[in-house]
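Peer 1: Okay, sequence plus prediction incoming.
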Amino acid sequence: MDFKNIEKKVLSLCPYIKKISIEKKDDKLFANIVPNFETLKAANIINIESEIRWYGVELYNLQAEESQKILAYKILREPQEDKESEPDDEIYQSLKSFLYDMSQKKVALSSHLELDLGLDSLDYVELFVFLELSYGIYIDEKIFSRIMVFKDLYSYIKTHKAFVKPSVVEWREILSEVKSDKLIFSPIIMFIYKTLLYPLFRLYFRLDVKGIENIPKTSCIIAPTHQSMLDGFLVESTLPYSVLKNTFFLAFTQVFGTKLLHPIATHGQSILIDANIDLKDTMQRTATPLKMGKNLVIFPEGARTRDRRLLEFRPFFAMLSSIYNVPIVPVIIDGSFEALPSGKIFPRPKKIRLQYLEPIYPKNMSYDELTQLVKSSIEKNL
C-alpha cells in the first residue's frame, strides 16, 4: 500500500494538517498527525481535533476505498521546551489551579489547552466565564484561538486584566441567563416528516423499534448512539407524535447548515450549533427546551463512530440532566453503520434496530458518574 500517496491526499484536502505519517496497526491504517497551528489560528479554530477529523481524516475517507481508509489517528505536537521559570504571581497560580481542576493533568507553560490538557467546548465556556469573573476580561473564540497555549493565555490576562479576584464558576448560573431567541415549533411539519419516514424506514431497513414505553411523559433528554447520518431521522420517525411535537434535536451547523439541509433543520425543530463560534450562547440555547419543559435529543458521543465502536461520551448531556433534574433515555441505534457507511450517499437496505432503554434519573450523581451510567446501560444492551 502506498502510504505516501495517502499522506499527500490528506494534506491536499486539509490546510489544518502540517504533517501526517501513515502506518498499519492491527491491520488498520493509523495516522500520526501534527496540526498546522498557523492556519488554525487564521481560521479561528478552537476545536482542533474535530476540525482535523472532519476536514482531514473523514473527508479523505469519503473518497477512499475501504482498505485504504484511516480508522484511527493521534494528534501530536512537535516537542516543546519550557525554557522560562514559572511565574509566582496570583494570576499565574490561580489560572494554573483552575486549569488543573478542570483537566486533572499537569499544567506547564508550554501546555496546549486542548491537545495537552484535553479541554473541550464545555471547558472553554467555563474558562471564558472564569476569566470574566476573575480578571474582568472578555475573550471570544477569535481571540482564544490565538492564545491556546498556557503561556500565551497567561500573558494575555496579565496585559489586559481589570482586576484580580479568583472566582468560582457555576454552570447553573451560566445556563440561567435569559436568551432572546425563541424556539421554532413546527408540529405539522414534524408530523409530515414522521408520517413519510416511518413506513419508508420500516420497509426499506426492516426497522425494528422497541422500548417506546420507556419514554417519560415529562421533559427528558433522549441520548442515542451515533452510527450514521440516518440516526436523527430514525429517532424522529419512531418517537410517538405526542412526544415528537415537543422534542428538539441538537445538530451541527457544519452538517445541517448547508443550503440543502438548512431548511429541513430549521423546520425540523433543530438547534444548530457551531463548535468554534459563540460557545456560551450555544450552550444556553441548547438548554432552552429543557427550561420550557420540552425534550432534547443529543448524541452523547458528539460525532459518528468510525469503526462501529462507541466513542467517548461527552458529559454535557449529563450536566443538563442534573441541572434541570430531567431523566435521560439511552437509545441504541444498531445497523445504521452498515446501512449508510461514512462516504456513501445512498443508504443500503440493511436491517436497523432501535431500542429506547429505561430512563436514568440524575439523583445526586456527579456529571461523570451519570455519563458513565448512561454509557454502561447502552453497552449492556448493544
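Peer 2: It's in. All values derive from a computational prediction rather than experimental measurement.
Peer 1: thinking L71 is in contact with L29, fair?
Peer 2: Yes: contact criterion Cβ atoms under 8 Å: L71 and L29 qualify, at 6.1 Å. To be clear about C-beta, it is placed using only N, CA and C from the backbone, and glycine gets the same treatment.
Peer 1: where along the stretch 151-300 of the chain do the strands fall?
Peer 2: For the stretch 151-300 of the chain, the strands defined by DSSP state E, counting those that start in this stretch cover 208-210, 221-224, 247-252, 270-273, 295-297.
Peer 1: ok, residues contacting the third one?
Peer 2: The one in question is strand 247-252. Strand 247-252 is contacted from outside by 183, 222, 232, 235-236, 239, 265, 268-275, 286, 288-289, 294-299, using Cβ atoms under 8 Å, 6 or more residues apart in numbering.
Peer 1: what is the mean pLDDT for that strand?
Peer 2: The pLDDT scores in strand 247-252 average 90.
Peer 1: now that strand, how far from the centre of its chain.
Peer 2: On the basis of Cα atoms, centre = their mean, to the nearest Å, strand 247-252 sits 12 Å off its chain's mean C-alpha point.
Peer 1: Please apply the same query to stretch 186-194.
Peer 2: Here stretch 186-194 is found 26 Å from its chain centre; the criterion is Cα atoms, centre = their mean.
Peer 1: List the buried residues in it.
Peer 2: In terms of neighbour count (16 or more other Cβ atoms under 10 Å), stretch 186-194 has its buried residues at S186, M190, Y193, K194.
Peer 1: Find the residue at the geometric middle of this protein.
Peer 2: G302 (3.4 Å; Cα atoms, centre = their mean).
Peer 1: and that residue, what helix or strand is that in?
Peer 2: Under DSSP states H and E, no helix or strand contains G302.
Peer 1: on that earlier part again, ok, the buried residues of stretch 186-194 vs N325, which is closest?
Peer 2: Of all the buried residues of stretch 186-194, M190 has the smallest distance to N325: 26.0 Å, by Cβ to Cβ.
Peer 1: Which residue, other than its chain neighbours, is closest to that closest one?
Peer 2: Sequence neighbours aside, L244 is the residue nearest to M190 in space, at 5.3 Å (criterion: Cβ to Cβ, 6 or more residues apart in numbering).
Peer 1: Which strands and helices lie in contact with the lengthiest helix in the chain?
Peer 2: Criterion DSSP state H: the longest helix present in the chain is helix 187-204. Applying 3 or more Cβ pairs under 8 Å, 6 or more residues apart in numbering; DSSP states H and E, one finds that helix 187-204 contacts helix 231-238, helix 241-244.
Peer 1: Now that we have those helices, can you turn them into JSON lines and tack on distance to R309, mean pLDDT and mean neighbour count?
Peer 2: Shown next, in JSON lines, are the helices and strands packed on helix 187-204 (distance: least, Cβ to Cβ, whole Å; pLDDT from 0 to 100; neighbours: other Cβ atoms under 10 Å):
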{"stretch": "helix 231-238", "distance to R309": "16", "mean pLDDT": "96", "mean neighbour count": "22"}
{"stretch": "helix 241-244", "distance to R309": "29", "mean pLDDT": "96", "mean neighbour count": "15"}
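Peer 1: one step back: pretty sure the residue nearest to the centre of the chain is in contact with P315, am I right?
Peer 2: No: counting by Cβ under 8 Å, G302 sits too far from P315 to count as a contact (10.5 Å).
Peer 1: my read is Y100 is in a helix, agree?
Peer 2: Yes: Y100: assigned to a helix according to DSSP: H, G, I helix; E, B strand; the rest coil.
Peer 1: mind listing what it touches?
Peer 2: Taking Cβ under 8 Å, 6+ apart, we find Y100 in contact with K106, V107.
Peer 1: Any idea which helix or strand in the protein has the lowest mean pLDDT?
Peer 2: helix 253-256 (a mean of 71; mean pLDDT, DSSP states H and E).
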